[in-house]
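> Pasting the sequence and the predicted model now:
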Amino acid sequence: MTIAETSTEDRSSRRNTRVLVAFTAVTNIADGVLKVALPLLATRLTDSPGLIAAVAMTLSLPWLLTALHVGVLVDRFDRRRLLWIADLTRVAVMGALAAALAAGQLSLPVIYAGGALMGLAEVVAMTSVAAIVPSAVAPRLRERANAWVAGAETACGEFAGPFVGGLLVTLGATFALGATAAAYAVGVLLLLLLVGHFAPSAQPPTTTVHHRLVEGLRFLWRNRLLRGMAAMISVLAACWGAWTALMPLVATSLLGLDEHEYGLLLSCLGAGGIVGAFSVSWVNRLLGQRWSMFADLLGTAAMVAAPALTDDLAVIGAAAFLGGMGGTLWTVNARTIAQRLVPPQMLGRYSAAARLFTWGAVPLGAGLAGVVAEFAGARGTFGLFAVAALAMAVPFLRVLTPSALAEARAAR
């Protein structure tokens, strides 16, 4: 490649990086608002922990039910077009929910249906973004692009989104839903600025959808390190699902928080995530990659244990901060490991299979938390999930060994 061609490629890569970061930021802010607004709307209709937890479950259940098939689609069709379809679906659903609320027709079944559709659109969007980076960004600039995209996910989805969500809900739930629809519409327009071709292959696949689906799962299963990380993150993600499902009720009923204060509490997760994103290189140098990832186990355990042990909002917020920071340390390191071990042509299916374990566990954790809380109460349920998070220390120490991590670093 000539110097001129390299310069052109670099300019296109930098432009695409800016577009993907902006798209991720805008849509993740909208996601954060949605995850605050819908459960809070449900608390206006019922005080049942199970029914409220079901809202969080509908938002994440599509990961469990559709992730593998979406991965096959992402490895087959133009990834930008899939992003357009996902975002236009989000605009339509949020507009419909806002209209139902304004007309006084909003009910729990309507919220559940809207949450499920938004969750499906999120599966398509997140899997497509993860797979589009190699097509949009030159190899030597890809690490930087991945870092910025991950930072935007954390800063906007976990920090800015919940904070803005709390503010918007105080201005009016209809306004909050409408503003969220507008944010997704901006995302549709941003995708027009991408340059390049984003279809994964010019040749149609010669195997069946089922065969291609199984390939992604088989690849994940045959690699001991990737398989072990997927299993452990499933349990940790279930803990996050339990925390997200029960905290709206705990915050409003036990802690006496209003919508704005609840948004601030959720922002503690994002603040920890931002600190984790900026400090991951330093933490890796100080502690090593292995112990940097181990911090996620401790942070998640602290996050779910705090509301079981105390009503002190400062302690609960600090524990949420640690959970957010640990989650980002795990995410950044896990992505780096996977990018070295997974071939590019398998990226969509592998990403979908891996996220099936991560995001698919969230609704299971949310649903289980709702059922257990009906009998054991929210505090007892949080305590059980804290024990589950700490129990992951045993498989962690057996799977993420120094030799396994060294082999991953040397893979590519």
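Perfect, I can see it now. Residues are numbered from 1 along each chain as shown.

> Now do Met293, the pLDDT please.
We note a pLDDT of 91 for Met293 in this prediction.

> Quick check: it touching Val399?
No. With contact defined as CB atoms under 8 Å, Met293 and Val399 do not form a contacting pair (10.7 Å). Backbone N, C-alpha and C define where each C-beta goes, glycine included.

> Tell me which of these two has more neighbours.
Between Met293 and Val399, counted using other CB atoms under 10 Å, Met293 has the larger neighbour count: 26 against 16.

> by contact count, what packs against the helix or strand harbouring the more buried one?
Take DSSP states H and E as the rule and Met293 turns out to sit in helix 289-309. Using 3 or more CB pairs under 8 Å, 6 or more residues apart in numbering; DSSP states H and E as the contact criterion, the secondary-structure elements in contact with helix 289-309 are helix 224-249, helix 259-287, helix 313-341, helix 347-391, helix 393-399, helix 402-409.

> Now tabulate those in CSV and tack on distance to His69 and mean pLDDT.
As requested, the helices and strands packed on helix 289-309 are arranged in CSV below (distance: least, CB to CB, whole Å; pLDDT from 0 to 100):
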stretch, distance to His69, mean pLDDT
helix 224-249, 18, 88
helix 259-287, 29, 79
helix 313-341, 20, 84
helix 347-391, 8, 83
helix 393-399, 28, 92
helix 402-409, 28, 83
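
> so which of those gets nearest Phe198?
Between Phe198 and those, the tightest spacing by CB to CB is seen for helix 347-391, at 11.5 Å.

> Next, the angle from that closest one to helix 289-309.
60 degrees (axes from the mean of the first three to the mean of the last three CA atoms, to 10 degrees).

> which one of the helices and strands packed on helix 289-309 lies closest to Ala305?
Of those, nearest to Ala305 by CB to CB is helix 347-391, at 3.8 Å.

> That closest one: how far from the chain's middle?
Centroid displacement of helix 347-391 relative to its chain, using CA atoms, centre = their mean, to the nearest Å, is 14 Å.

> what's the spacing between the residue most central in space within the chain and Pro39?
Note on the chain: the residue nearest the mean C-alpha position is Trp359, at 7.0 Å, using CA atoms, centre = their mean. With the distance defined as CB to CB, to the nearest Å, Trp359 ends up 17 Å from Pro39.

> returning to that earlier point: now tabulate the helices and strands packed on helix 289-309 in JSON lines and tack on distance to Phe198.
Rendered in JSON lines, the data for the helices and strands packed on helix 289-309 read as follows (distance: least, CB to CB, whole Å):
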{"stretch": "helix 224-249", "distance to Phe198": "25"}
{"stretch": "helix 259-287", "distance to Phe198": "26"}
{"stretch": "helix 313-341", "distance to Phe198": "18"}
{"stretch": "helix 347-391", "distance to Phe198": "12"}
{"stretch": "helix 393-399", "distance to Phe198": "35"}
{"stretch": "helix 402-409", "distance to Phe198": "28"}
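
> who wins for proximity to Gly216 among these?
When those are ranked by distance to Gly216, counting by CB to CB, first place goes to helix 347-391 at 2.9 Å.

> Packing partners of that closest one?
With contacts defined as 3+ CB pairs under 8 Å, 6+ apart, helix 347-391 has these neighbours: helix 49-74, helix 108-136, helix 209-222, helix 224-249, helix 289-309.

> And stretch 108-122, what's buried?
Buried residues in stretch 108-122, counted by 16 or more other CB atoms under 10 Å: 108, 110-112, 114-122.

> Just the CA trace of it, in CSV.
Only the C-alpha atoms of stretch 108-122 are listed here, as CSV (Å, rounded to 0.1, in the frame of the first residue of the first chain):
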residue,chain,number,x,y,z
LEU,A,108,-48.2,-3.2,32.1
PRO,A,109,-48.7,-5.4,29.0
VAL,A,110,-48.0,-2.4,26.7
ILE,A,111,-44.8,-1.7,28.7
TYR,A,112,-43.8,-5.3,28.5
ALA,A,113,-44.4,-5.4,24.7
GLY,A,114,-42.5,-2.2,24.2
GLY,A,115,-39.6,-3.4,26.3
ALA,A,116,-39.3,-6.6,24.4
LEU,A,117,-39.2,-4.8,21.0
MET,A,118,-36.6,-2.4,22.3
GLY,A,119,-34.6,-5.3,23.7
LEU,A,120,-34.6,-7.0,20.3
ALA,A,121,-33.5,-3.8,18.6
GLU,A,122,-30.7,-3.5,21.1
